[in-house]
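K.L.:
Give me coordinates for this.
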Amino acid sequence: MSTAATVRFDGRILQLTEDADLLRAQLAGEDLAWDASRKLIDNISTDELTPGWVCYYYDETLAEYCLVGLRGNAVARNDIKRGGFSVIVSGRSKGCGSSRETAPYSELKSGVRLVIAQNIEKIYGQNAQNIGLLTSTDLGLVDRIARGEDIPLDEFTRGLDPISADIVRLGGLFEYSKARLRGAVAPPEVTTPARPMTLCEKIIAAHCVVDARTDAVGVKAVTPGDALFVRADVRFSHEYVTPMADALFRGAFGDDAKVTDPASVYTFRDHLTFLDDVMPEQHVKMGLRPVARRLAVVQEDFSRAQGVKHYGEVENKVGKGSYAICHNAVIEDIALPGQVVAGTDSHTCMAGALGCFAFGVGSTDMANAWFTRDVRVRVPESVKVHLRGALGAGVSAKDVMLHLLSQPYFKEGKGIGKVLEFTGPGTLGLALDERATLTNMSVEAGGFTGIIEADERVVQYIAEHRKVDAATVRARIVTADEGAQYAHAFDIDLATLAPMVATPGDPRNGVALSALPAEVKIDIAYAGSCTGGKKADMDMYASVLARALEKGRTVAPGVKLIIQFGSQDIREYAERMGYVDVFHRAGAELINPSCGACIRAGPGVSTGPEQVTVSAINRNFPGRSGPGKVYLASPYVVAASAIAGHVVGPDAV
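P.N.:
Alright, predicted model coming up:
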């Protein structure tokens, strides 16, 4: 263990204030006295810490671009690195959004040693611990640090589970893992007696690693707060993250290190497939094109050397593209009920629609899991979301999530780190694709993951799609226990919901479509991403566009409608159903699978701040899909808005 009992922060303190002038003054060298009443910026996403284009780098170059995506354009290249800051302070929900470890890594390598925020998002916080960046939710530390006080290290381990506390004391996950492999440190024994458990708790208990040396797995029960490692059944990464994880993997375990059980590891070329088509000239001049292309090459080399399955690029009559977006492929081809699925993307939770415990991790966690097969978990609390009734015409699961995310419980950050367990006849009445929208967007609540108990619909889907025995799949189903405890519960009558939108800036900005104060004209309608590119989404787009064609209407002048398939299987479905012809006749542009515009890397990205997009994607943090404004909406609303030229519901077409 580290012998240092205290930590001194000799650098400056940067307060990320809502007052842009005060923020710029600090960057120019002025120190700001602490005022607890001064408003700090809330909901700083990882997209703002390291915008998508910054993530083409995965070394110390990241320090040069720390926070360059912050709203208001107050931070320029090297501002944080040159500023001599050792502490950064902000408001609620620091690190929301993507699981990219580049975000805390850029802070650490720019000299920052401590991040303080009112609350800290789960994946970002774990990534920070993994690389040795200290975090705290105690704003009272600011004054103490400014006075030059030495802060006890215990201040940064208080409230952490024993594994996380040891990782902080040792300076990071790799140091912990090496000590664990030597027998110098060990996770606490899980001694929770038998108790009624939630769906996720039961899966965690079954996958709890009892002894890494003997591969003993499984305990009687777990309870929220238990610290342990789970044995992952599926591990996957995409080209944005694989190169960084590979470098960390070899750095920690040696150049000759081999992935353990490569048959359960997958890589995806699915994020930057269309980047060349939309890379801004400014980025081309910066020399970013070869840097970005190199990511895919490094991932292919890793996959080949390690013998893991790689989902690469394809070319067909639609054009070039990816085989599938990772989350769609995991549901179609890979995950099974009752499994643990870890992926280097925050929307890994989408696979929870199959009844598995699926969650996103950062580069260090994945590199460590490649070697150990294990991922650390502090057993999370669960929130029950009971759905009853049925959705009305023109209302979808996306509307359910935008309604749920708008609730004060999630807007205030109370959902951070919790599991959203969707239950009830309303949930099971939804198609599998619609259930996947619920679990996919659980991370927008700050949640650990989302999960839905598998049923016969899931069994039949897997059996038919993968040609496996239905009884084998059925035997894997895990169910929550009667009497399981939940931190909070929602009861929603689906019949009462109407079309929703989330106004620009945050997925939690949900309002009823009818409550928009004025007509919102649009330039782009983006119908794609893992959330909006599924078969059921194609059904919704086609229903609206076919109705428009019957009335002689097509995409409005000046509007670009882009429909993107989530996988090649989904594209083939759209062709079989005759949707492709409908889409073409309506005036849509069709493109192959890729994360694309959702991460500012494909057709549909905005190019100027004056542009407005209505989008079926899952998040609309500042800069996420370009400099323009993004309204989140259901597939019905996206298609209808493309026809009308402004944001409308499907009944307007």
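
K.L.:
roughly how far apart are the closest residue in space to residue 349 that isn't next to it in sequence and residue 278?
P.N.:
Nearest-residue entry for residue 349: residue 449, 4.0 Å, with adjacent residues in sequence omitted and distances by CB to CB, 6 or more residues apart in numbering. Every C-beta, even on glycine, is put in place using the N, C-alpha and C of the backbone. To residue 278, residue 449 is 31 Å away according to CB to CB, to the nearest Å.

K.L.:
Between those two, which has more neighbouring residues?
P.N.:
Using other CB atoms under 10 Å, the more surrounded residue of residue 449 and residue 278 is residue 449, with 27 against 17.

K.L.:
residues touching the more buried one, list them.
P.N.:
Residue 449 makes contacts with 200, 348, 349, 352, 357, 358, 359, 419, 420, 439, 442, 443, as judged by CB atoms under 8 Å, 6 or more residues apart in numbering.

K.L.:
that's a helix at the last one, yeah?
P.N.:
Read it as residue 443. Yes: Residue 443: assigned to a helix according to DSSP: H, G, I helix; E, B strand; the rest coil.

K.L.:
The closest residue in space to residue 653 that isn't next to it in sequence: neighbour count?
P.N.:
Using CB to CB, 6+ apart and skipping the chain neighbours, the partner closest in space to residue 653 is residue 640 (4.6 Å). Neighbour count of residue 640, defined by other CB under 10 Å: 30.

K.L.:
can you list contacts of the helix or strand that residue 640 is a member of?
P.N.:
Element membership of residue 640, judged by DSSP states H and E, is helix 635-644. With contacts defined as CB under 8 Å, 6+ apart, helix 635-644 is touched by 394-396, 398, 499, 501, 513, 522, 525-527, 532, 537, 540-541, 543-545, 548, 553-556, 559, 561, 586, 588, 614-616, 633, 647-650, 652-653.

K.L.:
so how far is it off the chain centroid?
P.N.:
25 Å (CA atoms, centre = their mean, to the nearest Å).

K.L.:
cool, and stretch 329-344?
P.N.:
Relative to its parent chain, stretch 329-344 has a centroid offset of 15 Å by CA atoms, centre = their mean.

K.L.:
In CSV, list the C-alpha atoms belonging to it.
P.N.:
Below are the C-alpha coordinates for stretch 329-344, written out as CSV (Å, rounded to 0.1, in the frame of the first residue of the first chain):
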residue,chain,number,x,y,z
ALA,A,329,-24.4,-7.1,-33.1
VAL,A,330,-24.1,-8.0,-29.4
ILE,A,331,-27.9,-8.5,-29.3
GLU,A,332,-28.1,-10.2,-32.7
ASP,A,333,-25.1,-12.5,-32.5
ILE,A,334,-23.4,-12.7,-29.1
ALA,A,335,-25.1,-12.1,-25.7
LEU,A,336,-27.3,-14.6,-23.8
PRO,A,337,-29.7,-14.2,-20.9
GLY,A,338,-27.9,-14.3,-17.5
GLN,A,339,-24.5,-13.4,-18.9
VAL,A,340,-22.1,-10.6,-17.8
VAL,A,341,-21.2,-8.4,-20.8
ALA,A,342,-18.5,-5.7,-20.5
GLY,A,343,-17.9,-3.3,-23.4
THR,A,344,-15.9,-0.1,-23.9
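
K.L.:
For residue 556, grab the count of nearby residues.
P.N.:
Applying other CB under 10 Å, I find that residue 556 has 18 neighbouring residues.

K.L.:
for it, what are its contacts?
P.N.:
Per CB under 8 Å, 6+ apart, neighbours of residue 556: 642, 643, 644, 645.

K.L.:
Just the pLDDT at it, thanks.
P.N.:
pLDDT recorded at residue 556 is 98.

K.L.:
gap between it and residue 245?
P.N.:
Between residue 556 and residue 245 the computed distance is 44 Å (CB to CB).

K.L.:
Could you do residue 460 as well?
P.N.:
35 Å.

K.L.:
Would you mind telling me which of these two has the busier surroundings?
P.N.:
Here residue 460 and residue 245 are set side by side on neighbour count (other CB under 10 Å), and the busier one is residue 245, at 26 against 14.

K.L.:
buried ones in the helix or strand harbouring residue 537?
P.N.:
Here residue 537 sits within helix 535-550, counting by DSSP H and E. Neighbour counts over helix 535-550 (16 or more other CB atoms under 10 Å) mark 535-546, 548-549 as buried.

K.L.:
just the angle between the helix or strand just after that helix and helix 535-550, please?
P.N.:
Moving toward the C-terminus from helix 535-550, the next helix or strand (DSSP H and E) is strand 560-564. If you take axes from the mean of the first three to the mean of the last three CA atoms, to 10 degrees, strand 560-564 sits at 140 degrees to helix 535-550.

K.L.:
My understanding was that residue 275 contacts residue 601; is that so?
P.N.:
Yes: using CB atoms under 8 Å, residue 275 is in contact with residue 601, at 4.7 Å.

K.L.:
Low-confidence ranges, the stretch 1-150 of the chain, go.
P.N.:
Counting by pLDDT under 70, the ranges of the stretch 1-150 of the chain that qualify are 1-3.

K.L.:
Kindly recompute the last result at 80.
P.N.:
Applying pLDDT under 80 to the stretch 1-150 of the chain flags residues 1-4.

K.L.:
how about the helices in it?
P.N.:
Assigned by DSSP state H, counting those that start in this stretch, the stretch 1-150 of the chain shows helices spanning 20-27, 46-49, 79-83, 102-109, 122-131, 141-146.

K.L.:
cool, and the stretch 401-550 of the chain?
P.N.:
Counting by DSSP H, counting those that start in this stretch, the helices of the stretch 401-550 of the chain are 408-411, 425-428, 432-440, 456-466, 470-474, 529-532, 535-550.
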